[in-house]
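Predicted structure and sequence below. I'll ask about it afterward.
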Amino acid sequence: MRVDLHNHTILCNHAEGTVKEYIEKAISLGIDVYGFTDHAPMDYDPRYRMSIIHKEFYENNVLYLKELYKNDIEILLGYEVDFMQNIPMLKEVLNAKVDYLIGSIHFLEPKIKTNNDNEPWGFDNPEFIGKYEKQNIDDIWIDYFDVVKEMARSNHFDVVGHLDLIKVFKFLPNKDIKIIASDALKAIKKANMVIEINSAGYRKPIGEQYPSRELLELAYEMNIPITFSSDAHSVDQIGFSYDKVTTLAKEIGYTKCATFKARDRQLVTF
């Protein structure tokens, strides 16, 4: 079975293509289960997420097309939700009748707020890449995985989005990555969450999937399930590098991946 659970729509303000175009492309690629997880509305950085006024339209549109194409493909409804320690997430999203929720980290809060540095840092945004040069790289990675751990402990989410996104611009730590991420992975395991193998990293400076092979091997040792995601923001990115990520998963030892229905997880052979 071919599964692709992390994909966006034009409503997030930085993607292109209609929901119908995404579905028809997924069908043409032989994808069996395809999930829409647009960036959920929340009270921060509206340029990169859905407006709350579009939430009902998004959900109804996906559900309508799910029914329309039910004989050709299984369509799932979800959200990718930014987990931010000091900014509330909308209850309307957390309580939505979705198939699953992806919890992702795109921002880090400054440890000490000053007049010149009091806003969360969008670390995967090229506009703010210079900040990597101003801090100890190991500290950045440790801070990031501390937030991943908090996200898992919140028990709001089903899937961890792009687990090691902090590597996006190829600023890698000196400390062993497995040691840095160990506590976060333990929290993910305890929360019964799934890790996605997200192929979008192949389109970024890091040039590899999220997470790294090392972290996937550790996740496998801990019996943490996986799923697959192309993180498509355009029609031509759907199913991106699927063969590459499934081959990697099989080399590590995985034979099944997760899919969802109404927040209930099932494991299927890929």
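Good, I have the coordinates.

in which helix or strand would I find the closest residue to F36 other than its chain neighbours?
Excluding its sequence neighbours, the residue lying closest to F36 (CB to CB, 6 or more residues apart in numbering) is V62, at 5.1 Å. Backbone N, C-alpha and C define where each C-beta goes, glycine included. In this assignment (DSSP states H and E), V62 forms part of helix 55-68.

Buried residues, that helix. List them.
55, 58-59, 61-62, 65-66 (16 or more other CB atoms under 10 Å).

counting contacts, what elements does it pack onto?
helix 19-28, strand 33-39, strand 74-82 (3 or more CB pairs under 8 Å, 6 or more residues apart in numbering; DSSP states H and E).

tilt between it and strand 74-82?
160 degrees (axes from the mean of the first three to the mean of the last three CA atoms, to 10 degrees).

and among the helices and strands packed on helix 55-68, the most buried is which?
strand 33-39 (a mean of 26; mean count of other CB atoms under 10 Å).

That strand - which strands sit beside it in the sheet, and in what orientation?
strand 3-4 (parallel), strand 74-82 (parallel) (DSSP bridges).

Outside of it itself, list whatever touches it.
1-9, 11-12, 15, 19, 22-23, 26, 48-50, 58, 62, 73-80, 82, 99-102, 259-260, 268 (CB atoms under 8 Å, 6 or more residues apart in numbering).

follow-up on the earlier one: redo the strands paired with strand 33-39 as CSV? Include distance to M42 and mean pLDDT.
As requested, the strands paired with strand 33-39 are arranged in CSV below (distance: least, CB to CB, whole Å; pLDDT from 0 to 100):
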stretch, distance to M42, mean pLDDT
strand 3-4, 24, 98
strand 74-82, 6, 96
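
Out of those strands, flag the one nearest G253.
strand 3-4 (17.8 Å; CB to CB).

which phi and psi does the nearest residue to S199 once chain neighbours are set aside have?
The shortest distance from S199 to any non-neighbouring residue, by CB to CB, 6+ apart, is to S241 (4.1 Å). The phi/psi pair for S241 (degrees, to the nearest 10) reads phi 60, psi 30.
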